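Asker: Sequence and predicted model, in that order:
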Amino acid sequence: MSYNLHKGKADVDSTIVLTNPLVNDTSKLENTEDVQPEDMERDQWGGKYDFLITLVGFSVGLGNIWRFPYLCFKNGGGAFLIPYLLMVVVGGVPIFLLEVGFGQISRQGGIQAWKIIPLFQGVGYASTVIVFWLNTYYIIVLAWALFYLWSSFAAVLPWDGCGHEWNTAACYDSFDGNMTSNETVDPAEEFFYHKMLKISDSMDDFGTVRWELAIALAAAWILCYFVIWKGIKVSGKIVYFTALFPYVNLMILLIRGVTLPGADKGLIYYFNPDLSRLGDSQVWIDAGTQVFFSYSIGLGCLMALGSYNHPRSNCLRDTLAFATVNSMTSIIGGIAMFSVLGYMADIMGVGVDEVAKGGPGLVFVAYPRAISQLPIAPLWAILFFLMVAFLGIDSEFVGMEGFITSSMDLFPSIQKKKYGREIYLLCFSCIQYLLGLVMITNGGIYIFQLFDFYSASGMALLTVSFFECIAIAYVFGGKRFLTIITKMIGFKGRSEQAMKIFLVFWYFLTPAMSLGIFLFVVIQYQPLLFNDEVEYPEWGYIIGWFLALSSMLCPIVVAIIKIAMANGTLAQRIKYLLKPQVYIDLSEFGLDDIGTPDMDIQLDPVSSRGDLQTNAI
């Protein structure tokens, strides 16, 4: 693999000299003071399945356990699978392959990869901003899981019954009829709000930091830090345990759940198809946004992870395998959850809809309440929250790896220094920990919901995916992109012809789907209500829209800045910024190269090794 680094004369980013992904010889490189060859090598996955397992660990997370089941019973049960699977085919798989393949070709993270189409580099910045916010608030759920896991080591689960100091007069144990007030609250709900969160009375009262959660949050960040501090060669091995262990727990909980009395009641409610709901546009919006969330599209992490692939990796095979595992996990997770909720509804003598909740309420209130009634309840609680914790830590540390990869590619000097990566990662971990402290105050849950609703919202992810499709299909060239991917995979004959179906998606169906759902989301937008009841003050919505627009405006703002900084007429500037500012040698495939040899960085994705060369200019 050959690379050519020097300053481009007309490049608006000409002052940035990119680090080579794979470098063995730096003897002819300009400005190589203090450069260690081994520090400039870009890691590759150590094992054949490291990449796929890491993808599963990152994208298969809490959304599969709490969001998908809730959307199913909310949107017509089994009928919801029709729009969901359609969105997987039209949106999930095509964009997933596009992002992974783009990273594999460019050998760069989510920002620098877009130097292939510089005018659209703002898409990379947008995805990096989204994943930064996501990493900041998602780990709060992991801290909650660790708190519940610690609390589960007790003879009697603390959310079982109303005789605790944090219970109020409204606490009502529906299992023993110990009602103390007409306005009743379940003990599991009181444990969540009054024991763990100690929630304040209003959004204007943040109170103090919950020290137990601060310790749990620190533990979560320490775990994530030491998993990824040495790069993907280490984390790629650890993820085998952290990604696969939750499946062991899930299967144990699934078998226990479906054998409980009343489980069929929950499963009927979960799967019972109501085809009339398919006429509701909200059902299709929910299906589309769920696919984007669960497939981690638009976060830049797929490009970052793909950049560590061997150039001849079969990214199509990994894409299809991931799609199968992800969607099946969502369905199986729903079975495990609703079989237990059916049991709970059966012994309470109420409908499943009265005990089922969406979002965190399903994981931290409804399900824990149900398992508190099982024999050896603490054991099932430990197994469940171990699963939740591992699902959370997988998604968090891979998301952090994606952010670090994308952002560090902007600062190659850091990578050249001894312990540069470790210190850089430590700094951002500390920054995000401090930001997270706001969300574990007495009023922190209000801020958490703002982050969850706005920062990694459907609007933000749909914006990124739309621009990705337009840039690759219509600017870089969808046929050109597909040809490169096909040649790298090694497909010929019928397999090569079958791959052309992706052109239909990239050119037409996928961008149309992204734009259509985006417009529906905007048209039907309703301001966030806390617990679907309480309005936020104006400052809350200002924070929310800042979080959303901080990423959504990046493609436009960065494009304007690049045009303003370039030379020539407006038409000349745009024309220049639509040309690659990297050079990728594809001659071994019999294809035209990307860019020209006098670009910032010369990439040859064909070879399995890295050689540094300098071409005369």
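Answerer: That came through fine.
Asker: C-alpha from now on. contacts and neighbour counts both.
Answerer: Noted.
Asker: For the helix ranked longest in the chain, give the mean pLDDT please.
Answerer: Assignment by DSSP state H gives helix 315-348 as the longest helix of the chain. Computed over helix 315-348, the mean pLDDT rounds to 90.
Asker: Tell me the buried residues in that helix?
Answerer: 315-316, 318-319, 322-323, 326-327, 329-346 (16 or more other CA atoms under 10 Å).
Asker: give me the low-pLDDT residue ranges for the stretch 501-617 of the chain?
Answerer: The model of the stretch 501-617 of the chain has pLDDT under 70 over residues 588-590, 595-617.
Asker: just for this structure, where's the confidence low?
Answerer: Those would be 1-42, 174-183, 356-359, 588-590, 595-617, if you go by pLDDT under 70 across the chain.
Asker: can you give me the strands in the stretch 101-250 of the chain?
Answerer: Counting by DSSP state E, counting those that start in this stretch, the stretch 101-250 of the chain has strands at residues 172-173, 178-179.
Asker: what does stretch 446-453 rub up against?
Answerer: 133-134, 137, 203, 438-439, 528, 530, 540-541, 543-544, 547 (CA atoms under 8 Å, 6 or more residues apart in numbering).
Asker: just the buried members of these?
Answerer: 133-134, 137, 203, 438-439, 528, 540-541, 544, 547.
Asker: any idea which of the residues you listed is closest to H310?
Answerer: The shortest approach to H310 among the buried ones among the contacts of stretch 446-453 belongs to L134, at 28.0 Å (CA to CA).
Asker: And the closest one, how far from W539?
Answerer: 21 Å (CA to CA, to the nearest Å).
Asker: Ok, G266 next?
Answerer: 40 Å.
Asker: and if you look at V93?
Answerer: V93 is 38 Å from W539, by CA to CA.
Asker: same check, this time on D532
Answerer: 18 Å.
Asker: likewise V521?
Answerer: To W539, V521 is 22 Å away according to CA to CA.
Asker: mind checking how far H194 is from I371?
Answerer: From H194 to I371 the distance is 20 Å (CA to CA).
Asker: With V388 instead?
Answerer: For V388, the distance to I371 equals 15 Å [CA to CA].
Asker: follow-up on the earlier one: so for H194 and I371, which sits in the more crowded spot?
Answerer: I371 (23 against 18; other CA atoms under 10 Å).
Asker: circling back to that earlier point, which one of V521 and W539 has more residues nearby?
Answerer: V521 (19 against 9).
Asker: Can you tell me the SS state at that one?
Answerer: Using DSSP: H, G, I helix; E, B strand; the rest coil, the structure places V521 in helix.
Asker: surely it meets W284?
Answerer: No. If you go by CA atoms under 8 Å, V521 and W284 don't touch, sitting 10.6 Å apart.
Asker: count of neighbours near S457?
Answerer: With other CA under 10 Å as criterion, S457 counts 18.
Asker: And for F491?
Answerer: Neighbours of F491 (other CA under 10 Å): 16.
Asker: What helix or strand is the closest residue to Y240 other than its chain neighbours located in?
Answerer: Nearest non-adjacent residue to Y240, counting by CA to CA, 6 or more residues apart in numbering: I53, 6.4 Å away. Taking DSSP states H and E as the criterion, the element that holds I53 is helix 50-59.
Asker: can you give me how far that helix is from the chain middle?
Answerer: 11 Å (CA atoms, centre = their mean, to the nearest Å).
Asker: Mind listing what's buried along that helix?
Answerer: Residues of helix 50-59 classed as buried by neighbour count (16+ other CA under 10 Å): 50-59.
Asker: next SSE after it?
Answerer: helix 62.
Asker: Could you pull out the helices in the stretch 1-150 of the chain for me?
Answerer: 37-40, 50-59, 62, 68-74, 81-87, 93-106, 121-151 (DSSP state H, counting those that start in this stretch).
Asker: Make a markdown table from these and add distance to T208 to it.
Answerer: Formatted as a markdown table, the helices of the stretch 1-150 of the chain follow (distance: least, CA to CA, whole Å):
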| stretch | distance to T208 |
| --- | --- |
| helix 37-40 | 44 |
| helix 50-59 | 32 |
| helix 62 | 27 |
| helix 68-74 | 32 |
| helix 81-87 | 42 |
| helix 93-106 | 42 |
| helix 121-151 | 16 |
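Asker: Any idea which of those gets closest to G443?
Answerer: For the helices of the stretch 1-150 of the chain, the distance to G443 is smallest for helix 121-151, at 13.6 Å, taking CA to CA.
Asker: Give me the distance between the most centrally placed residue in the chain and M400.
Answerer: Residue closest to the mean C-alpha point of the chain, counted by CA atoms, centre = their mean, is S296 at 3.9 Å. Applying CA to CA, the value for S296 to M400 is 13 Å.
Asker: shared neighbours of the two, anything?
Answerer: What both S296 and M400 touch, as defined by CA under 8 Å, 6+ apart, is an empty set.
Asker: gap between the two ends of stretch 161-172?
Answerer: End-to-end distance (CA to CA), stretch 161-172: 8 Å.
Asker: you'd agree S457 is up against A548?
Answerer: Yes. With contact defined as CA under 8 Å, S457 and A548 form a contacting pair (7.1 Å).
Asker: any common contacting residues for the two?
Answerer: Between them, S457 and A548 share no contacting residue, judged by CA under 8 Å, 6+ apart.
Asker: which secondary structure elements does the longest helix of the chain contact?
Answerer: helix 50-59, helix 68-74, helix 93-106, helix 232-258, helix 263-271, helix 367-371 (3 or more CA pairs under 8 Å, 6 or more residues apart in numbering; DSSP states H and E).
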